[in-house]
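Colleague: generate coordinates for the sequence data below:
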Amino acid sequence: MSPRNADISIAISKDELTATIAAFTPADETGASLTTDMLSSVLQRAGVVVSPVQSTIDAALSPEADESIVGMVIAKAIPPKEAVNATIRPLGDLSCPVLPGTPFCEVIKARAASEGKTVTGASIKPAGEMYGKNIIFPEDAHCQLNPDTMEVSATAYGFPVLDKQTLFVRPLIEVDKGCMRVRATIHAKDCKGKTIDAVRLGTELKNMGILSQLDANALAKAVKLAASTGAAIPNVVIARGLDPINGKDGWFELYIKDERSDVGIMDEDGTVDFRSRGVIRSVTANAKLGRVHAPTRGIPGRDVFGKVIPAHDGAVHRMSIGENVMATEEGSEFVSLIEGMVFYAQNILSVTEVFATRGDVNMSTGNLMLEKGSVLVSGSVLSGFVVECPRNVLVSDTVESATIKAGGDVEVRGGIIMDRGGRIVTDGSISAMFAKGATIEAQGSVCIAHEMSNCIVYAGSDIVVTKGRGKIVGSTIRCGGSIIANEIGSDLGVATTIFLGLEQETTDFSQRKKELNALLQKVYASLGTGDPRSILQGTPAAKKQTVAQLLKMRLGAERELREIEEEIRKERDAMRQAITSRLKVNRVIHPGTVIHSYGLMYRVMTPLEYSTIYYSPEEERIVVGSL
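Modeller: Model prediction:
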């Protein structure tokens with residue numbers, strides 16, 4: 001029997017990526033074993049050109065090799081190598097910022113792809129691109145590559161960013177629009193673990209062309225806060241430009257301040273009277289009113305790059321001098337020519353004796369309380385409002401349930417309607433087209449053109465109701481002079497009451513006159529009635545003080561006696577005038593009219609036409625006569 005030599009066969013996969021042992025026959029005791037050369041020859045005949053798998057070779061050549069090695073991979077294809085993109089290797093903690101000149105990473109170069117080989121030697125192409133992508137640095141990368149060391153260094157303070165093979169440093173310092181502020185995001189440490197300080201950031205500002213000084217204090221505070229919180233501090237202003245200062249416009253300084261409230265005055269109980277605004281003050285003649293101030297020059301500024309920012313000079317204040325105002329010789333200060341109220345409106349300075357409204361007295365004006373002068377109301381005085389002044393009041397329209405107090409005359413070119421209260425009180429006279437439900441008190445005369453109805457009227461002088469209808473009805477009238485009207489009362493018998501004459505109360509000065517005369521007799525007996533200066537000059541020095549006191553008492557007593565005599569004269573004149581009071585009616589007095597005079601009463605029972613009614617002191621009765 002012939003010996004059996006070892007035998008092996010190789011099978012290649014259809015894709016030629018592997019070669020496996022397809023069959024194996026071990027040698028018998030007398031046969032030749034499988035050798036390396038035999039195995040290489042079999043692989044060569046099978047078409048395998050790649051290096052075999054050593055572990056499979058070792059198994060096949062082992063003396064113990066048997067059929068178990070069938071199926072083992074004896075050769076593998078060489079796979080292709082894909083291209084590798086360039087990348088970076090950090091040279092520090094890139095979660096922290098980098099500063100100029102600091103290398104923060106190393107560039108690992110890109111690697112090209114290589115083809116693979118099947119077990120039979122056929123070429124295997126790479127799946128991707130043949131060449132890897134390099135790192136790209138944009139124009140504004142704020143970093144630069146050292147080609148010798150392949151290290152990348154920052155050229156600005158910021159964060160390194162690798163975005164799709166593009167490497168750049170995102171700056172953490174920015175200049176505001178307008179170039180007046182430099183802001184930064186501040187970290188405690190840089191990528192190398194070094195503290196960020198004023199010296200390092202100051203150098204960065206200089207590199208940026210910023211000339212403004214670094215705010216070291218603000219930087220130190222931000223670094224300290226970043227260290228304590230572990231977080232970046234954004235929007236820290238680390239440098240500032242110098243803002244330009246525009247010149248101040250010229251302006252007029254009014255010395256006289258309007259102390260009135262714009263909204264109202266609080267009462268003692270805490271409630272606000274929205275109508276009350278305070279008193280309208282006046283100035284005396286030759287009072288200084290105000291001064292025009294010259295404009296100032298502007299001061300230029302600089303932005304953070306040192307560029308000059310121009311400033312505007314202030315504008316000249318333009319104003320005009322109104323009535324009763326004069327400029328001083330200096331030309332910038334103004335004085336009043338009269339006593340009156342000061343007004344500065346639409347750049348016109350004036351002093352006037354008349355306070356004029358542009359319309360009604362209402363919530364926009366508040367109550368009008370004048371210290372001096374008169375009031376002109378170019379409209380109406382609305383219900384609930386007050387007008388007070390020491391001189392005259394002229395109302396262009398009506399007075400509606402308002403209060404007017406004047407030291408002079410009150411003229412109402414419309415009517416007086418007081419259905420909800422109100423009062424007119426004046427030391428002068430009052431005139432109006434009509435009066436309804438009004439309370440009127442005048443030390444002078446009261447003149448109503450058409451009708452006076454349901455009024456309460458007091459006049460120290462005459463009451464005249466004759467210009468129009470001239471009717472007095474349903475009113476209570478008290479008059480110190482005469483009452484002249486066309487018609488009194490109505491044919492319906494409406495009650496109308498008239499008091500003729502003001503019963504005067506005389507003052508009893510007798511006791512005081514007796515005391516003063518007794519005092520004077522004593523002084524005259526002691527010092528005589530001569531001129532006080534002559535008496536004092538002839539008095540010895542030791543007695544001069546005593547004599548001076550007596551003379552002072554004498555002069556005071558003589559002055560008081562003169563004042564008493566003048567008051568007695570005035571009271572006598574008033575009594576004589578009161579006795580001359582008359583009621584004159586040009587048409588008719590209706591029944592329902594009651595006339596009082598000096599404690600007597602006359603009731604009209606039948607219509608009286610063209611009548612005169614008065615008190616006769618001789619007859620001590622009220623006399624009714626014809627006109």
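Colleague: tell me the helix or strand right after the helix or strand residue 523 falls within.
Modeller: If you go by DSSP states H and E, residue 523 is part of helix 510-527. Using DSSP H and E, the helix or strand that follows helix 510-527 in sequence is helix 532-537.
Colleague: for the record, mean pLDDT for that next one?
Modeller: The pLDDT scores in helix 532-537 average 83.
Colleague: chain center to it, what's the gap?
Modeller: Distance, stretch centre to chain centre, for helix 532-537: 71 Å (CA atoms, centre = their mean, to the nearest Å).
Colleague: which ones are touching residue 385?
Modeller: Going by CB atoms under 8 Å, 6 or more residues apart in numbering, residue 385 touches 275, 361, 362, 366, 367, 368, 402, 403. No exception for glycine: its C-beta is placed from N, CA and C like everyone else's.
Colleague: one more: residue 150?
Modeller: Residue 150 touches 106, 107, 108, 109, counting by CB under 8 Å, 6+ apart.
Colleague: and it, how far from residue 107?
Modeller: 5 Å (CB to CB, to the nearest Å).
Colleague: likewise residue 47?
Modeller: Where residue 107 is concerned, residue 47 sits at a distance of 44 Å (CB to CB).
Colleague: more crowded one of the two?
Modeller: residue 107 (20 against 14; other CB atoms under 10 Å).
Colleague: what's the helix or strand harbouring the more buried one packed up against?
Modeller: Using DSSP H and E, residue 107 sits in strand 103-108. Under the contact criterion of 3 or more CB pairs under 8 Å, 6 or more residues apart in numbering; DSSP states H and E, strand 103-108 touches strand 87-90, strand 143-146, strand 151-154.
Colleague: a markdown table for these, including distance to residue 329?
Modeller: As requested, the helices and strands packed on strand 103-108 are exported to a markdown table (distance: least, CB to CB, whole Å):
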| stretch | distance to residue 329 |
| --- | --- |
| strand 87-90 | 82 |
| strand 143-146 | 73 |
| strand 151-154 | 71 |
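Colleague: in a strand, residue 38, correct?
Modeller: No. Per DSSP: H, G, I helix; E, B strand; the rest coil, residue 38 lies outside any strand segment and is helix.
Colleague: I'd say residue 146 and residue 153 touch.
Modeller: Yes. Judged on CB atoms under 8 Å, residue 146 makes contact with residue 153 at a distance of 7.0 Å.
Colleague: now do the shared contacts for these two.
Modeller: Taking CB under 8 Å, 6+ apart as the contact rule, residue 146 and residue 153 both touch residue 103.
Colleague: now do the strands in the stretch 51-200 of the chain.
Modeller: 73-76, 87-90, 103-108, 116-117, 123-124, 143-146, 151-154, 158-163, 166-171, 173-175, 181-186 (DSSP state E, counting those that start in this stretch).
Colleague: mind listing the helices for this structure?
Modeller: 36-46, 54-61, 198-207, 216-229, 510-527, 532-537, 544-579 (DSSP state H).
Colleague: other SSEs contacting the third one?
Modeller: Meaning helix 198-207. Under the contact rule (3+ CB pairs under 8 Å, 6+ apart), helix 198-207 is packed against strand 173-175, helix 216-229, strand 233-240.
Colleague: I'd like those laid out as a markdown table, including mean neighbour count.
Modeller: Shown next, in a markdown table, are those (neighbours: other CB atoms under 10 Å):
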| stretch | mean neighbour count |
| --- | --- |
| strand 173-175 | 17 |
| helix 216-229 | 15 |
| strand 233-240 | 18 |
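Colleague: circling back to that earlier point, which of the contacts of residue 150 count as buried?
Modeller: Using 16 or more other CB atoms under 10 Å as the burial test, the contacts of residue 150 include 106, 107 as buried.
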